[in-house]
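Student: got a predicted structure here, sequence first:
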Amino acid sequence: MPGGRLSQQERQQIATGLADGLAYAEIARRLDRPTSTITREVMRNGGPTTYRADLAHRATERRAHRRRQTTPRETQAPEQAHGRDAEAVREYEEVFTTVMMASGMPTMMARVMACLTLTDTGSLTASELAQRLQVSPASVSKAITFLDSQGMIRREQGERRRERYIVDDDVWYQSMLASARAIAQLVEVARQGVGVLGTGTPAADRLENVARFLDFVSESTARAAEQAREILHTKPRTPPGDPAEPGSDHG
């Protein structure tokens with residue numbers, strides 16, 4: 001499997017594949033590249049609908065130039081537990097971050113969320129986050145405030161009165177409820193607009209349809225989160241035949 005950076009020709013093949021409606025995995029197979037490489041490339045360069053090979057190539061060259069100017073040569077990826085490949089973890093964290101950014105989350109908030117989610121403890125202090133992400137404490141503080149307001153993390157008092165920021169099993173459930181509440185507020189505002197614009201007018205009818213749509217989405221989101229909550233507290237099953245499966249006979 002070829003390694004290294006994507007060439008301009010490969011980026012053109014990615015753009016062609018996207019235009020043809022191919023999935024990332026199929027594009028990756030045709031290029032003999034990991035799917036994560038294609039996902040990261042597309043999501044960090046505008047997403048599947050606006051990806052352009054020439055712009056992506058120039059943007060990558062600019063990022064590489066900035067890294068050469070600002071990254072100390074002795075900087076290495078942090079040592080990983082459980083025998084993980086440090087470079088593979090770093091690349092996956094970038095993919096995870098980029099996908100969250102594509103969903104609308106600001107860059108630093110996505111980086112902090114990814115960093116917390118991909119630690120085994122799911123818990124880091126502000127100084128640990130700043131060190132891992134190589135950013136200022138002020139940047140971390142701003143990101144934490146945003147994530148806290150969205151119900152995506154929780155705070156806990158740690159040693160020496162240092163707050164720890166935690167992504168635990170229930171955070172995603174609480175985040176979905178927060179999203180449902182935010183949508184419900186849009187429903188309320190849309191219905192206020194119906195009264196202001198006059199029932200039966202084209203603009204009011206449009207707002208009423210928006211309100212009905214969002215009301216359904218809000219209720220469905222909250223109901224689905226409640227029904228699926230147990231999944232977050234259930235240990236994943238070991239796939240049949242997995243070496244770690246208790247009682248498996250490997251002799």
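Tutor: Thanks, I have it. Every value quoted in this text rests on a predicted model; they were computed, and no experiment measured them. Residues are numbered from 1 along each chain as shown.

Student: in the stretch 1-150 of the chain, which spans are helices?
Tutor: For the stretch 1-150 of the chain, helices defined by DSSP state H, counting those that start in this stretch occupy the ranges 8-19, 24-31, 35-43, 53-70, 86-102, 107-117, 126-133, 137-149.

Student: where among those helices is average confidence lowest?
Tutor: For the helices of the stretch 1-150 of the chain, the weakest mean pLDDT is recorded on helix 53-70, namely a mean of 73.

Student: between the helices of the stretch 1-150 of the chain, which gets nearest to P202?
Tutor: Ranking those by their distance to P202 (criterion: C-beta to C-beta) puts helix 86-102 first, at 33.5 Å. For every residue, glycine as well, the C-beta is placed using N, CA and C.

Student: neighbouring contacts of the closest one?
Tutor: Among residues not part of helix 86-102, those counted as contacts by C-beta atoms under 8 Å, 6 or more residues apart in numbering are 36-37, 39-40, 43-44, 47, 76-80, 107, 110-111, 113-115, 117-118.

Student: buried subset of the residues you listed?
Tutor: For the contacts of helix 86-102, burial is judged from neighbour counts taken by 16 or more other C-beta atoms under 10 Å, and it is met by S36, T37, T39, R40, M43, R44, A110, R111, M113, A114, C115, T117.

Student: now the longest helix anywhere in the chain, how far from the centre of its chain.
Tutor: The helix spanning the most residues in the chain, taking DSSP state H as the definition, is helix 202-232. The offset between the C-alpha centroid of helix 202-232 and the centroid of the whole chain comes to 22 Å, using C-alpha atoms, centre = their mean, to the nearest Å.

Student: again with stretch 188-201
Tutor: The gap between where stretch 188-201 is centred and where its chain is centred comes out at 35 Å by C-alpha atoms, centre = their mean.
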